[in-house]
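Engineer: Requesting a structural model of the entry that follows:
(one chain, ligands or ions: 2)
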Amino acid sequence: MSREKVAVLMGGRSLERDVSLRSGKRVCEALEAAGHKVLALDVTADLVSTLRAERPDACYIALHGKYGEDGTIQELLEFLGIPYTGPGVVSCSLSWDKSLAKRLFVEAGIPTPAWVTLTADAFKEMGAATALDLIPDEVGGLPVVVKPSKQGSALGLSRVDEAGGLAEALLNALSYSDAALVEKWVDGCVVAVSVFDGDDGPLVLPPVEIVAHSGLFDFNAMYTAGETDYYVPARLDDDVAARVIEVAGKAHTLMECRDVSRVDLIVDPQGGVHVLECNTSPGMTETSLLPMAAEAAGMSFQDVVERLLHAALARR
Ligand SMILES: Nc1ncnc2c1ncn2[C@@H]1O[C@H](COP(=O)(O)OP(=O)(O)O)[C@@H](O)[C@H]1O
Ligand SMILES: [Mg+2]
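Structural biologist: Ligands and ions are numbered 1, 2, ... in the order given. Alright, predicted model coming up:
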């Protein structure tokens, strides 16, 4: 590939800023090693003027969470006419909103745990708090997971075992997002499946199995060394693994996740697959799941970064 000028967008003001800075640093190193001219840009109010002055050939989005994964930066780069890595505006906006994404999964026949969505406005303006007693039956019983509809890295997420814990968990989730999901807890094997666009259809990497020592893959388990064990490929029977790969590919395609996505799902003890979400800017840190899966598939970190950059440049 020719030598290109690439702006790596990282940091910013999302709650996943620190993770993004780690992803960004690694991406910069890989792009430099490949001979590109790299601008490492921490996203601030100067971003637009910097991009206009520097006129990069492409932006590599190493942002995670709000603004980086919700369509904000994608919409801005469309306006500025700069090609960027990863899924486009619609895909990001839909994937970022778990409540909408899950509705699309259901319509497309992609299995996802039973849930209800409650918006902050429904509490504030419409008295939704008087219906908390209906929730357990609605989702098929306790325990449940309460999580913000739009957030990542398990921030604001908690497991609730008794109905009395719902209100506090909802309040917590709603401090991160304008809506919260109460989702049936699914016991089983937590799996992350990274997907690229292949030549004809999705190219699904080996599923990564996640075993958090605490029993919940929360922020601490995600980013503290030694808190979680990973198995690549996931320890699944062949037929179950094939189903996981099929479902992940279907979710990637349904959500129009151009270039790349990481589909998070749970496999229950009967081999049933339950999709939780699609991530449109998967982590690229030393301990992240996409680089782990790529390595198992014989792709180096640099291969991944170059593949995504190439896809962006092809849209010039
Ligand atoms: N319904 C559920 N049942 C069991 N575990 C869950 C459920 N929902 C989430 N989790 C756990 O929490 C983690 C984060 O949830 P996820 O829905 O992927 O949100 P985030 O965007 O924060 O990553 C998952 O990887 C899984 O380990
Ligand atoms: Mg997740």
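Engineer: give me the residue from this protein nearest ligand 1.
Structural biologist: Across the chain, no residue is closer to ligand 1 than Phe217, which sits at 3.3 Å (CB to the nearest ligand atom). Bear in mind the C-beta positions are built from the backbone N, C-alpha and C, glycine included.
Engineer: which SS state does Lys50 fall under?
Structural biologist: Careful, residue 50 is Thr; it's not Lys. helix (DSSP: H, G, I helix; E, B strand; the rest coil).
Engineer: Could you look up the SS state of the nearest residue to it once chain neighbours are set aside?
Structural biologist: In this structure, Thr50 finds its nearest non-sequential neighbour in Leu41, 6.3 Å apart by CB to CB, 6 or more residues apart in numbering. Assigned state for Leu41: strand (three-state reduction, three-state DSSP).
Engineer: residue contacts, Leu41?
Structural biologist: 7-10, 47, 50-51 (CB atoms under 8 Å, 6 or more residues apart in numbering).
Engineer: Likewise for Ala167?
Structural biologist: Per CB under 8 Å, 6+ apart, neighbours of Ala167: 129, 132.
Engineer: Likewise for the one 5 residues further on?
Structural biologist: Listed by CB under 8 Å, 6+ apart, the contact partners of Asn172 are 146, 156, 158.
Engineer: Quick check: Val304 touching Glu295?
Structural biologist: No. Contact criterion CB atoms under 8 Å: Val304 and Glu295 do not qualify, at 9.2 Å.
Engineer: the more surrounded of these two?
Structural biologist: Relative neighbour count places Val304 above the other of Val304 and Glu295, with 24 against 16, counting by other CB atoms under 10 Å.
Engineer: Against Thr85, how distant is that one?
Structural biologist: Here the criterion is CB to CB, to the nearest Å. By it, Val304 lies 10 Å from Thr85.
Engineer: Ok, Glu107 next?
Structural biologist: As judged by CB to CB, Glu107 and Thr85 stand 28 Å apart.
Engineer: ok, residues contacting stretch 143-151?
Structural biologist: Residues from elsewhere that reach stretch 143-151 (CB under 8 Å, 6+ apart): 15, 65-66, 70, 96-99, 117, 135-136, 154-161, 166, 169-170, 172-174, 176-185.
Engineer: Repeat the analysis, applying 6 Å as the threshold.
Structural biologist: By CB atoms under 6 Å, 6 or more residues apart in numbering, the surrounding residues in contact with stretch 143-151 are 96-99, 156-161, 169-170, 173, 176-177, 179-183, 185.
Engineer: Can you say which of those residues are buried?
Structural biologist: 96-99, 156-160, 169-170, 173, 176-177, 179-183, 185 (16 or more other CB atoms under 10 Å).
Engineer: Tell me which entries of these lie within strands.
Structural biologist: 158-160, 179-183 (DSSP state E).
Engineer: Now narrow these to whatever sits close to ligand 1.
Structural biologist: Filtering those for proximity to ligand 1 by CB under 6 Å from any ligand atom leaves Glu183.
Engineer: Spatially, which two of the ones in strands among the buried ones among the contacts of stretch 143-151 are the most separated?
Structural biologist: Maximum pairwise distance in those, criterion CB to CB, is 18.9 Å, between Arg159 and Ala179.
Engineer: Spatially nearest residue to Asp268, not counting backbone neighbours?
Structural biologist: Asp268 sits nearest to Gly188 (CB to CB, 6+ apart), 4.1 Å away.
Engineer: Using PDB, list the CA coordinates for stretch 185-194.
Structural biologist: Below are the C-alpha coordinates for stretch 185-194, written out as PDB (Å, rounded to 0.1, in the frame of the first residue of the first chain):
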ATOM      1  CA  TRP A 185     -30.000 -12.900  32.800                       C
ATOM      2  CA  VAL A 186     -28.700 -15.800  30.600                       C
ATOM      3  CA  ASP A 187     -26.500 -18.300  32.300                       C
ATOM      4  CA  GLY A 188     -23.800 -19.700  30.000                       C
ATOM      5  CA  CYS A 189     -20.700 -19.000  28.100                       C
ATOM      6  CA  VAL A 190     -20.000 -15.400  27.200                       C
ATOM      7  CA  VAL A 191     -18.500 -15.100  23.700                       C
ATOM      8  CA  ALA A 192     -17.300 -12.200  21.600                       C
ATOM      9  CA  VAL A 193     -17.200 -12.700  17.900                       C
ATOM     10  CA  SER A 194     -15.200 -10.300  15.600                       C
END
